[in-house]
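*Asks:* Quick one, fold the following:
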Amino acid sequence: MLRTVADEFWEAYLQDRPTWATIIGDHRHDDRLDDLSPAAISASVARDRGFLERARAVDPAGLAPRERVTRQMLVDVLEGLIAVTETRVHEWAVDPLDGPQTQFPNLVEYQVVRTPTDGRHMVARWRAMGPYLDQAITDLRRALADGRVAVQKPVERVVDELRGIEANPVIDWKLAAPAKAAHDDWSERDLAGFRRDLLAAVEEAVRPAFRRYREVLETEVLPAARPNTRPGLRHVPGGAEAYRAHIRHHTSLDLDPAAVHETGRREIARIDAAFVELGGRRLGTTDLASTLAALRKDPALRFSTADEVFETARRSLERAQAATPRWFGRLPTAPCEVVPIPEHAQAHQTIAYYSLPAEDGSRPGRYYINLYAPETRPRYEAEVLAFHEAVPGHHLQIAIGQELEGLPAFQRMLGATAFFEGWGLYTERLSDEMGLYSGDMDRFGILSFDAWRAGRLVVDTGMHALGWTRNEAIAYLHDHTALGDNNIANEVDRYIVMPAQALAYKVGQLEILRLRDEARARLGQRFDIRAFHDVVLGNGAISLPTLADVVGSWDGSPAEG
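*Replies:* Modelled structure (predicted):
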């Protein structure tokens, strides 16, 4: 019964999200895009409610321990999906990081074209980008009529991105790149037809749709956009309730925004003191402001070339991979590689991100590193960034999760943001225990990144719940982290368009550290760090309450599997 519900949910999930299916390596839906229509979204929510009722009806008393975890995770995932969808934030969101202007070109990285049928699927999907964007425009207009509208700066960023794409001839668009690929095993007729049809799809469907989308953003959305002084959800009808739903979805906890804000301030105070101590020892500075100024202003602490940025990332990954067997019993078979963030997205993208391996093994995990303006990229942040995004961070956790035997597919592929991101942040400090950092200067990176995530608790709740302006959020991160100002601005705009997602990092990290300390105190000499990590990673990206139950019942023995 439980496995049937889990498998049926997963099939419906992929049907509703064909682009996500492509990204994870399931190519059954490569000819379609997600359906944004209100009817389709309502049908999806109704179906998810049915799955939720069936999952809740399964009696946990009759399940094995691992099955109880699966049942709870299914309930958690469905509750989160339903709650967030019903906030309707998707109707008015304008996202410079993951909107269609970046998401569509990035599909080229994931959609395979091996056969003429694959080519026809790609052409059909590219053609579907026109109706997709028209539906997005309809959603924007309907939301605008209800007083729900995006914030000025993110809208300006998306307009800038769209103008940059439109300035290029179609043949140079990333969406046209597959037409240049060689397919020696195809007939000349099939190859010529694919190239003709793909370029026509970009010229006749995608380009006009991108233009229509940009024009609506410029002429209708931007004039009505919320000013940068009111960036938070609290300024949108129903926004306070929506923010609590997003907090619950991303952290897997019912948290009061004001309490989260105060947790962030306490963490910042702790990290500020550590900055001053390390700055006095390594830089000869006397307080927080002088320490951060020294880190920001010394050009010797910045990279000179994009090649330097890339090579440092590659070497850091290699060093981490060599050390992991001493700290983890489970290791993934999927490899990880370092890849530059595509040029079309660099200027408005964050400093790095991770992309999971294809489920069928056709694509490795990828650590995407931003090579734009290398002179703004601090050297002391390069190692901590690699360890978070790749190994022992996201790649290790996500690839292990994908490869867990006996678990339903949804449990291996989905999960709580606080688990994913809490693990990534946990491994930044763990990497120091593992001896991976080159020296004290790289520990400034640990502090800066820890302050960055603690600062998110302050500024995300500050904007969305307490009425902070965009500039107040930027100033706070400037005053308490060593991040470059360009990265800070990009990050704050990310928090604006992805409410509460940024809370997951520090909330998850603190919980993993708490559970580790409790397990060590309870087990004494029986505590083994390798076994602890295997237990934490042994059930997928489960909610924090479920993780607490799993670790709390662990007797110190090696994890199963």
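*Asks:* from here on, contacts and neighbour counts on C-alpha atoms
*Replies:* Fine.
*Asks:* Buried ones in stretch 297-310, by neighbour count?
*Replies:* Judged by neighbour count using 16 or more other Cα atoms under 10 Å, the buried positions of stretch 297-310 are 301-304, 306, 309-310.
*Asks:* Inside helices: which ones of these?
*Replies:* Among those, the members falling in helices (DSSP state H) are 306, 309-310.
*Asks:* Closest to L331 out of these?
*Replies:* F310 (24.6 Å; Cα to Cα).
*Asks:* if I pick the closest one, what's in contact with it?
*Replies:* Taking Cα atoms under 8 Å, 6 or more residues apart in numbering, we find F310 in contact with 338, 340, 369, 371.
*Asks:* can you check M434 too?
*Replies:* 323, 327 are the contacts of M434 under Cα under 8 Å, 6+ apart.
*Asks:* Mind giving me the packing neighbours of the longest helix along the chain?
*Replies:* Using DSSP H to define each element, the chain has its longest helix at helix 116-145. In terms of contacts (3 or more Cα pairs under 8 Å, 6 or more residues apart in numbering; DSSP states H and E), helix 116-145 is packed against helix 188-201, helix 207-216.
*Asks:* after that helix, next one along is what?
*Replies:* Downstream of helix 116-145, the next assigned helix or strand under DSSP states H and E is helix 152-166.
*Asks:* Check which residues of that following helix are buried.
*Replies:* Buried residues in helix 152-166, counted by 16+ other Cα under 10 Å: 152-159, 161-162, 165-166.
*Asks:* Stretch 402-413 spans what distance, first to last residue?
*Replies:* 6 Å (Cα to Cα, to the nearest Å).
*Asks:* ugh, wrong one, I meant stretch 80-92
*Replies:* End to end - Cα to Cα - stretch 80-92 spans 20 Å.
*Asks:* For stretch 29-48, give the mean pLDDT please.
*Replies:* Stretch 29-48 shows a mean pLDDT of 97 in the predicted model.
*Asks:* ok, the closest residue in space to D26 that isn't next to it in sequence - how many residues close by?
*Replies:* Nearest residue to D26, sequence neighbours excluded (Cα to Cα, 6 or more residues apart in numbering): E359, at 7.4 Å. Neighbourhood size, E359 [other Cα atoms under 10 Å]: 20.
*Asks:* how near is E359 to L301?
*Replies:* Counting by Cα to Cα, the gap from E359 to L301 is 39 Å.
*Asks:* What is the nearest of the buried residues of stretch 297-310 to L33?
*Replies:* L33 has its nearest neighbour among the buried residues of stretch 297-310 in F310, at 32.9 Å by Cα to Cα.
*Asks:* Which residues are in contact with F275?
*Replies:* By Cα under 8 Å, 6+ apart, the neighbours of F275 are 288, 291, 444, 447.
*Asks:* got it, and A454?
*Replies:* Contacts for A454 (Cα under 8 Å, 6+ apart) come out as 264-265, 267-268, 506.
*Asks:* please redo it, this time with the cut-off set to 6 Å
*Replies:* Counting by Cα atoms under 6 Å, 6 or more residues apart in numbering, A454 makes contact with 264, 267.
*Asks:* before we move on, what about the one 4 residues further on?
*Replies:* Residues in contact with V458 (Cα under 6 Å, 6+ apart) are 261, 264.
*Asks:* Offset the numbering so it begins at 292, please.
*Replies:* Got it, first residue is 292 now, which makes that one V749.
*Asks:* what's the helix or strand for it?
*Replies:* Using DSSP H and E, V749 maps to helix 731-755.
*Asks:* quick one: that helix to chain centroid distance?
*Replies:* Relative to the centre of its chain, helix 731-755 is centred 17 Å away, using Cα atoms, centre = their mean, to the nearest Å.
*Asks:* Residue ranges of each domain in this protein, please.
*Replies:* 293-536, 537-800 (automatic domain parsing).
*Asks:* Can you say which of those is packed in most?
*Replies:* Most buried of the domains of the chain, by mean neighbour count (mean count of other Cα atoms under 10 Å): domain 537-800, with a mean of 20.
*Asks:* What average pLDDT does that domain get?
*Replies:* Here the average pLDDT along domain 537-800 is 95.
*Asks:* how about the helices and strands packed on helix 407-436, which one is nearest A756?
*Replies:* helix 498-507 (28.9 Å).
*Asks:* Contacts for the closest one next, please.
*Replies:* Contacts of helix 498-507 (Cα under 6 Å, 6+ apart): 421, 450.
*Asks:* tilt between that helix and helix 479-492?
*Replies:* 20 degrees (axes from the mean of the first three to the mean of the last three Cα atoms, to 10 degrees).
*Asks:* ok so the residue nearest to D317 is a strand residue?
*Replies:* No - checked against DSSP: H, G, I helix; E, B strand; the rest coil, E650 lies outside a strand; its state is coil.
*Asks:* related to what we said a few turns ago, can you tell me which two in the buried residues of stretch 588-601 are farthest apart?
*Replies:* Spatial extent of these (Cα to Cα) is set by the pair L592 and F601 at 15.8 Å.
*Asks:* which stretches of the stretch 592-741 of the chain form helices?
*Replies:* 597-614, 673-680, 685-694, 700-704, 708-724, 731-755 (DSSP state H, counting those that start in this stretch).
*Asks:* Reformat those helices as JSON lines; add distance to P329.
*Replies:* As requested, the helices of the stretch 592-741 of the chain are exported to JSON lines (distance: least, Cα to Cα, whole Å):
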{"stretch": "helix 597-614", "distance to P329": "43"}
{"stretch": "helix 673-680", "distance to P329": "35"}
{"stretch": "helix 685-694", "distance to P329": "32"}
{"stretch": "helix 700-704", "distance to P329": "25"}
{"stretch": "helix 708-724", "distance to P329": "26"}
{"stretch": "helix 731-755", "distance to P329": "26"}
